[in-house]
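**Student:** Sequence first, then the predicted structure, then my questions.
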Amino acid sequence: KAEILTHSKPQVDVIVIGAGLAGAAVAHSLALRGWQVQVLDKADALGAGASGLPAGLFATHVSPDNNVLSRITRDGVRATVQRAQELLKHGLEWQVSHLLEHRYAGKRQLPEDSLWPAAGHEWSTQASELQKQASGLNQSTPALWHGIAGWIQTQALVKAQLGHRNIRLSTQSAVAKLISRNNQWQCLDATGLVIAQAPQVIIASAYDGQFLIDSVELQTQECPRPHLPATALRGQVSLGPMSLLPVQLRNKLPEFPVNGHGSYIGNLQAISADMKEPYWIVGSSFQRNDFDLQTREADQLTNRQQWAELMPEFQDDILHIDLEKTSSWAAIRMALPDRLPAVGEFAHPEFKGLNVCTGMGARGISWSVLCGELLAAHLNHEPLPMAASLAKLMAASRFG
């Protein structure tokens, strides 16, 4: 009998539905605290959804009044940097590379005077003339320099977080229905077969989350069912090898990323089989409630035009890039009306033990680790990793 126990699978404490940035982050945060985590994902392999982005940016958000979005994003960037330092290879899979932000039409103004003390300038400050010049901007163009910002190879972060010994990953595991029974949540497939069960379930499957919330059969109709008023955001990026770029452009492009209306990251090291040499990535396009995952030539043209506008002094060379030799990638992100994520348990009494970690829009890299730590802190009754007043604004209970 003892031998059977030794070789049996450990008790599952929590099921995480979704193996993207959000799911991987919360699974890792719980695994670090000793939880036995089972992660379910409907795809055949990692990176099938928006978290399959080849590479993306982590960067703060600037506002004249240092608003909620700005403060939460700084907390998120801190958490992302800490986790990347623990799990990833700097310079290969991620880098604090700094970042220049082209302030289109003067947007994203820094707070003034006491609202932005000296410590704030370590995060964001006015870009110098040399930094603007290196980024393809003229000296009079408004621009910010973000000192604590950089890029991450997205799938490397997902894979590293899911590699914890307390996490069991099951791909090709599509959950069609959730049932609460005897203080356990059961995950059923389309045939009604129970594929996993645990006392706690976390939905981290972005736009598909509402489908699972709707699958729960309620015993009473006194309380409205929780509802996440999600907006689907389709985005397509363009990418290609550095060697594809005209030599004169390649020699001028900065070592650091540039963003504003779209973004540019260059000299990324190839870590996947389909990219054999250092590459660049630009984008993305932006379409609301568009679910088409086929990449489009029109979006390639849009991305190239955005890149030219992002770096106007380099636009002639950028507009001559041969798009026939570039690649593209598209995915759907999910955002909520107040632009903040939804984290934690709903207020509805019949959803006790069901949590969500979703609604990060285009800020998954900057926010996912913070959201994972926040949810883990709630479940472990720990001090929160951010100001309670900000955490309250992210609570899933605001949606039912």
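**Tutor:** Yep, it's here. Quick caveat: nothing in here was measured; it's all calculated off a predicted structure.
**Student:** Could you list the buried residues of the helix or strand hosting S389?
**Tutor:** Using DSSP states H and E, S389 sits within helix 388-393. In terms of neighbour count (16 or more other Cβ atoms under 10 Å), helix 388-393 has its buried residues at L390, A391. Glycine gets a C-beta too; all of them are placed from N, C-alpha and C.
**Student:** Check stretch 324-341 too.
**Tutor:** For stretch 324-341, the neighbour count (16+ other Cβ under 10 Å) marks 326-336, 340-341 as buried.
**Student:** Equivalent analysis for stretch 166-175, please.
**Tutor:** Buried residues in stretch 166-175, counted by 16+ other Cβ under 10 Å: N166, I167, R168, L169, S173, A174, V175.
**Student:** Let's have those residues in a markdown table, adding secondary structure, pLDDT and distance to A143.
**Tutor:** Output for the buried residues of stretch 166-175, formatted as a markdown table (DSSP: H, G, I helix; E, B strand; the rest coil; pLDDT from 0 to 100; distance: Cβ to Cβ, whole Å):
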| residue | secondary structure | pLDDT | distance to A143 |
| --- | --- | --- | --- |
| N166 | coil | 97 | 44 |
| I167 | strand | 97 | 41 |
| R168 | strand | 96 | 46 |
| L169 | strand | 96 | 42 |
| S173 | coil | 92 | 46 |
| A174 | coil | 93 | 45 |
| V175 | coil | 95 | 45 |
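**Student:** among those residues, which two are most distant?
**Tutor:** Maximum pairwise distance in the buried residues of stretch 166-175, criterion Cβ to Cβ, is 23.5 Å, between N166 and A174.
**Student:** N355 contacts A396, doesn't it?
**Tutor:** Yes: taking Cβ atoms under 8 Å as the definition, N355 is a contact partner of A396 at 7.0 Å.
**Student:** Need the overlap of contacts for those two.
**Tutor:** Residues touching both N355 and A396 (Cβ atoms under 8 Å, 6 or more residues apart in numbering) are V343, G344, E345.
**Student:** how many neighbours does the closest residue to V96 other than its chain neighbours have?
**Tutor:** Spatial nearest neighbour of V96, excluding adjacent residues (Cβ to Cβ, 6 or more residues apart in numbering): G150 at 4.4 Å. By the measure other Cβ atoms under 10 Å, the count of residues near G150 is 23.
**Student:** Poorly predicted segments of the stretch 1-150 of the chain, please.
**Tutor:** For the stretch 1-150 of the chain, the stretches with pLDDT under 70 are 1-10, 47.
**Student:** how does it look with 50?
**Tutor:** Within the stretch 1-150 of the chain, the segments meeting pLDDT under 50 span 1-9.
**Student:** Tell me which stretches of it form strands.
**Tutor:** Assigned by DSSP state E, counting those that start in this stretch, the strands in the stretch 1-150 of the chain fall at 14-17, 37-40, 56-58, 94-95, 99-102, 124-126, 143-146, 150-152.
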